[in-house]
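*Asks:* can't give you the sequence, but here's the structure:
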């Protein structure tokens, strides 16, 4: 993972705004509504650490939600 990507995904986790624009908790990838609408396997994948699969899981979740 390059530095630019690392900064982006760290920012996703540090942010208080979900990709949908709703409020979310820091250290969560998505707001409760978006997270709950994902299939179980996608929810589980979002618990992976940065650099160990979180990035792909987040991208897949956002694509599925949109």
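*Replies:* Received it, and whenever you're ready, just let me know what you need. Note that this is a predicted model, so its numbers are computed, not measured.
*Asks:* From residue 10, how far out is residue 3?
*Replies:* Noted for residue 3: a distance of 10 Å to residue 10, by CB to CB, to the nearest Å. (Each C-beta comes from the backbone N, C-alpha and C, glycine too.)
*Asks:* who's more crowded, the two?
*Replies:* Legend: neighbour count by other CB atoms under 10 Å for residue 3 and residue 10, higher for residue 10 (11 against 7).
*Asks:* Just say helix, strand or coil for that one.
*Replies:* helix (DSSP: H, G, I helix; E, B strand; the rest coil).
*Asks:* OK, contacts around it?
*Replies:* Residue 10 makes contacts with residue 50, as judged by CB atoms under 8 Å, 6 or more residues apart in numbering.
*Asks:* tell me, how many neighbours does residue 46 end up with?
*Replies:* The number of residues packed near residue 46 is 17, by other CB under 10 Å.
*Asks:* That one contacts residue 35, correct?
*Replies:* Yes: here residue 46 lies in contact with residue 35, judged by CB atoms under 8 Å, at a distance of 7.4 Å.
*Asks:* Need the residues touching each of the two.
*Replies:* With CB under 8 Å, 6+ apart as the test, residue 46 and residue 35 both reach residue 29.
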